[in-house]
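Asks: got a predicted structure here, sequence first:
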Amino acid sequence: MQDKPSEFELIERYLRPLATDPSAFSLKDDAAILHVPDGKQLVVSKDLLIAGSHFFPDDAPKLIAQKAVRSNVSDLIAKGAKPYRYSLGLAFSKPPSHCFMEAFAEGLQEDQTQYGWSLIGGDTTKSPSDFMISITAYGLCDEGQMVPRSGAKVGDQLYVSGTLGDSALGLCQRQKPKFFAQLNADDQTYLDNAYLLPQPPIGLEEAIADCASASMDISDGLFSDLAHMCRASGVSAEIDQQAIPLSLATQNAIGHEPNLTKTALKGGDDYQCLMAVSIEQEKAFNNLCSVKGLKVRKIGVFANATEPLFRITNGSDHLDSELDGFTHF
């Protein structure tokens with residue numbers, strides 16, 4: 001066996017076993033069929049990940065695959081949708097080895113099992129520069145129940161899931177290890193893993209669909225994504241910075257380097273959810289999350305539209321412009 005598979009061998013050996021839905025035609029056609037069950041509607045999201053921008057070229061192939069999957073799964077969860085099917089585009093700067101593809105496919109398979117979806121198609125090609133992964137994710141929600149980012153209303157409570165900033169500090173640790181030298185090994189490992197392998201809040205989609213008036217995933221940093229929600233909804237927000245949930249590892253890192261607070265809140269790659277919940281729905285929302293063992297935290301409230309779009313309530317009445325968050329251009 002040659003060290004590097006041909007394009008057709010790559011599809012046959014590593015991708016076709018992932019196409020378990022008969023409507024994918026075992027990846028032997030140029031298209032697939034998506035059957036939407038009665039009473040459901042299809043929610044579609046797409047993310048593109050590029051080596052050197054979204055992951056390091058020497059990251060483990062299994063983790064690269066899983067990060068690509070999970071960045072899309074978080075989008076579906078935030079819309080109140082369950083993962084259903086996905087298509088995959090791969091652009092290689094050089095032909096991958098069998099070893100790479102075996103590990104990459106293993107990551108896809110593990111997350112297919114975890115999230116209950118399957119591959120239905122895609123494409124492979126040559127990239128003139130960096131390795132690229134494009135996933136189109138299809139989710140299902142009850143008809144009319146997709147939750148937009150534009151539904152936040154004055155008086156709605158502002159919630160987030162999980163802890164924020166871990167992935168951003170994990171990336172910073174890779175780039176500037178001297179800032180993290182005083183952390184213990186467990187904290188360093190935690191932050192590294194947070195960057196490599198996101199943990200989107202699977203199961204939260206039900207509480208979002210039932211109780212949230214607006215929702216979106218936090219992929220570009222809390223400040224940037226909250227600004228997106230405020231603009232789309234025509235509101236502003238007031239944030240209690242002390243209420244923002246931070247892991248112990250992130251707290252310890254900030255304790256040693258206070259300037260890392262900015263990195264944690266603007267850096268992105270959290271893949272958690274940002275949600276607006278009305279006061280009337282708040283009790284039901286928290287109960288649903290508690291039953292599922294999901295961690296959510298109220299960090300503020302939505303208010304009448306103002307400039308700036310949101311205010312910090314524990315010591316500063318505005319955000320510095322440098323805290324706007326991550327952008328792609």
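Replies: Everything's here; your move.
Asks: make it CA atoms for all contacts and neighbour counts henceforth
Replies: OK.
Asks: which residues touch Asp47?
Replies: Ala68, Ser71, Asn72, Ser134, Ile135, Thr136 (CA atoms under 8 Å, 6 or more residues apart in numbering).
Asks: ugh, wrong one, Cys230
Replies: Contacts of Cys230 by CA under 8 Å, 6+ apart are Ser150, Ala152, Ser236, Ala237, Ala305, Leu309.
Asks: assign a three-state SS to the second one, would you?
Replies: Here Ala152 is coil, with the state taken from DSSP: H, G, I helix; E, B strand; the rest coil.
Asks: can you pull the pLDDT of it?
Replies: Note for Ala152: predicted pLDDT of 98.
Asks: and it, how close does it get to Lys283?
Replies: Distance of Ala152 to Lys283, computed by CA to CA, to the nearest Å: 17 Å.
Asks: out of the two, which sits in the busier spot?
Replies: Ala152 (30 against 12; other CA atoms under 10 Å).
Asks: these two touch, right, the more buried one and Ser213?
Replies: Yes - under the criterion of CA atoms under 8 Å, Ala152 makes contact with Ser213 at 5.7 Å.
Asks: joint contacts of those two?
Replies: Ala276, Val277.
Asks: what sits against the residue nearest the centre of the chain?
Replies: Among the residues of the chain, the one closest to the centroid is Tyr271, at 2.7 Å (CA atoms, centre = their mean). With contacts defined as CA under 8 Å, 6+ apart, Tyr271 is in contact with Arg70, Ser71, Ser74, Asp75, Pro198, Gln199, Pro200, Asp217, Ile218, Ser219.
Asks: and the last one, what's its pLDDT?
Replies: What that stands for is Ser219. According to the prediction, Ser219 has pLDDT 94.
Asks: who's in contact with it?
Replies: Ser219 neighbours (CA under 8 Å, 6+ apart): Ser71, Asp225, Gly268, Asp269, Asp270, Tyr271, Gln272.
Asks: among the residues you listed, which pair sits farthest apart?
Replies: Ser71 and Asp225 (14.6 Å; CA to CA).
Asks: quick one: which of these two has more around it?
Replies: Ser71 (28 against 23).
Asks: strands of the protein, start to end?
Replies: Secondary structure of the chain (DSSP state E): strands located at 40-50, 82-92, 118-126, 132-142, 157-161, 212-218, 235-239, 272-277, 296-304, 310-312.
Asks: what residues of the second one count as buried?
Replies: Meaning strand 82-92. For strand 82-92, a neighbour-count test (16 or more other CA atoms under 10 Å) marks Lys82, Pro83, Tyr84, Arg85, Tyr86, Ser87, Leu88, Leu90, Ala91, Phe92 as buried.
Asks: what segments of the chain are helices?
Replies: Using DSSP state H, the helices of the chain run over 7-10, 61-78, 98-115, 166-175, 185-196, 204-211, 222-233, 248-256, 260-266, 279-292.
Asks: can I get the ones you listed in a markdown table with mean pLDDT and distance to Val36?
Replies: Supplementary listing: those in a markdown table, determined by pLDDT from 0 to 100; distance: least, CA to CA, whole Å:
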| stretch | mean pLDDT | distance to Val36 |
| --- | --- | --- |
| helix 7-10 | 92 | 30 |
| helix 61-78 | 97 | 16 |
| helix 98-115 | 97 | 18 |
| helix 166-175 | 96 | 35 |
| helix 185-196 | 97 | 33 |
| helix 204-211 | 98 | 18 |
| helix 222-233 | 95 | 29 |
| helix 248-256 | 97 | 42 |
| helix 260-266 | 91 | 37 |
| helix 279-292 | 98 | 26 |
